[in-house]
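In: Quick check, what structure comes out for this input:
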Amino acid sequence: MAGQRGRPRKQPQEPEEPHIENEEPVNEDDYEHNEQPEDEDEFTLEPIVVKAISDEVSKVLDDKLPALVTKILKDTLNDKSEGTKDSTKEEEVVITGTKNGDSTSEKRKGCDYKAFKGCSPPSFDGKKDAVATCHWVSAMEAVIAISECREDQAVKFAAHSFTGGTPSSSQRPLMMWRA
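Out: Numbering: from 1, shown residues only. From the prediction side, this is the model:
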């Protein structure tokens, strides 16, 4: 048998006595997905066949998967960017009062340092553990959202919240931020 290829021959089986169950399924759909009917034999593949199938599937996946992922990402990004364009335009409109009356202008929102400090941003000394640092980041994000600062302003203003007791410890968080 070592030199033969293919599926091994079935060994003759002795006849079994009939098996009667109390409840039989009405149709094949009543079987669980992992169950096989009792009258079917188990099907096994030789390792060579499994390897050949695996290699072919790998080749197909290597050929088709990158293009499929690229297409899905492209479609997803296009959908998100279309939705964000509409909402961004609405957020960028700022209502300003003028001497002649009210008018709207297409300006980006922003704030000055005084308005940012008015929201009481938390200070960071770099002496606390990771959990306290995460809480500081969350609090700083809340202050940035409330003050409606632009991203470039938020980085500058947040960098000014680094403090410390000694000159070396106060410079360390600032140096880490700039790195």
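In: Below-threshold pLDDT in this structure: ranges please.
Out: 1-41, 82-109, 164-177, 179 (pLDDT under 70).
In: Would you state the helices of it in chain order?
Out: Assigned by DSSP state H, the helices in the chain fall at 47-92, 113-118, 130-147, 151-159, 167-178.
In: Present those helices as CSV; the columns should include mean neighbour count.
Out: Every C-beta, even on glycine, is put in place using the N, C-alpha and C of the backbone. Converted to CSV, the helices of the chain look like this (neighbours: other CB atoms under 10 Å):
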stretch, mean neighbour count
helix 47-92, 10
helix 113-118, 14
helix 130-147, 14
helix 151-159, 15
helix 167-178, 12
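In: Tabulate those helices (JSON lines), appending distance to Phe124.
Out: Shown next, in JSON lines, are the helices of the chain (distance: least, CB to CB, whole Å):
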{"stretch": "helix 47-92", "distance to Phe124": "28"}
{"stretch": "helix 113-118", "distance to Phe124": "15"}
{"stretch": "helix 130-147", "distance to Phe124": "5"}
{"stretch": "helix 151-159", "distance to Phe124": "9"}
{"stretch": "helix 167-178", "distance to Phe124": "6"}
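In: Pop the domain breakdown of this structure in here.
Out: Using automatic domain parsing, the domain parsing of the chain gives 46-108, 113-178.
In: measure Ser161 to Lys71 for me?
Out: In this view, Ser161 and Lys71 are 44 Å apart by CB to CB, to the nearest Å.
In: meant to ask about Asp125
Out: In terms of CB to CB, Asp125 sits 49 Å off from Lys71.
In: Next: Ala159.
Out: 41 Å.
In: and the end-to-end length of stretch 116-123?
Out: The separation between the terminal residues of stretch 116-123, taken as CA to CA, to the nearest Å, is 13 Å.
In: can you list contacts of it?
Out: For stretch 116-123, the surrounding residues in contact (CB atoms under 8 Å, 6 or more residues apart in numbering) are 136, 139-140, 143, 146-147, 149, 153, 157-158, 161-163.
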